[in-house]
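Novice: okay, sequence plus prediction incoming.
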Amino acid sequence: MDKLIEKFKFYYETILQNAPSFLIGVVVLFIGFAIANFGKKVTENRIKSKVQNTLSRLFIAQIISGIIKVITVVVFLDLIGFQNITTKILAGAGILTFVIGFAFKDIGENFLAGILLAFKSPFKENDLIESQDVIGYVKELRIRETIIKTTDGKDVFVPNSQIINS
């Protein structure tokens, strides 16, 4: 318990010592997320002529936005004085990815299926599709699931791996 209290004291003192950097870091965090959201819209518009499938455009834009957000968080942690945490996060990312891959196998499977669906483009927005017991019109392709509006007006979130398998 004493070690935990000492760690909190260390983090608190680090924040106090680096208050100006902390404020700059918060500004960078907000700007970075704004850039990520703006970049998502710009990416969608820029690739509109190259990628005809709306679902693929959205998917690519989401990936780019996510990468910018991750970079922003790493820069934020570095600016506020948590360089050692940033280093540990980056160093542990490989191991963590491996462990999480086993723990969240279904999420990873749906993510990879989403990538395949985005680039293979077996259907477009508003196409009528059937996946196992779900019949409806494609509304949106997301990283892990596809949203389908059924014929009776319900929105159903179908895992991408289910769509690939059926």
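Specialist: That came through, no problem.

Novice: every contact and neighbour count from this point should use C-alpha atoms.
Specialist: Fine.

Novice: what are the ranges of the helices in this protein?
Specialist: 2-17, 19-46, 54-79, 83-103, 105-120, 160-165 (DSSP state H).

Novice: among these, which comes closest to Asp133?
Specialist: With respect to Asp133, and counting by C-alpha to C-alpha, the nearest of these is helix 160-165 at 10.8 Å.

Novice: so for the closest one, what gets flagged as buried?
Specialist: Along helix 160-165, these residues count as buried under the neighbour rule (16 or more other C-alpha atoms under 10 Å): Asn160, Ser161, Ile163.

Novice: and which of these is nearest Gly25?
Specialist: Asn160 (36.7 Å).

Novice: contacts only, for the residue nearest the centre of the chain.
Specialist: The centroid of the chain falls nearest to Gly66 when counting by C-alpha atoms, centre = their mean (4.5 Å). Contact criterion C-alpha atoms under 8 Å, 6 or more residues apart in numbering gives Ala36 as the residues in contact with Gly66.

Novice: so for it, what's the pLDDT?
Specialist: Per-residue pLDDT puts Gly66 at 86.

Novice: where's it relative to Lys120, distance?
Specialist: According to C-alpha to C-alpha, to the nearest Å, Gly66 and Lys120 sit 21 Å apart.

Novice: circling back: a markdown table for the buried residues of helix 160-165, including pLDDT and distance to Leu23?
Specialist: Converted to a markdown table, the buried residues of helix 160-165 look like this (pLDDT from 0 to 100; distance: C-alpha to C-alpha, whole Å):
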| residue | pLDDT | distance to Leu23 |
| --- | --- | --- |
| Asn160 | 82 | 41 |
| Ser161 | 81 | 43 |
| Ile163 | 80 | 46 |
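
Novice: would a markdown table of those with distance to Thr43 be doable?
Specialist: Converted to a markdown table, the buried residues of helix 160-165 look like this (distance: C-alpha to C-alpha, whole Å):
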| residue | distance to Thr43 |
| --- | --- |
| Asn160 | 23 |
| Ser161 | 26 |
| Ile163 | 26 |
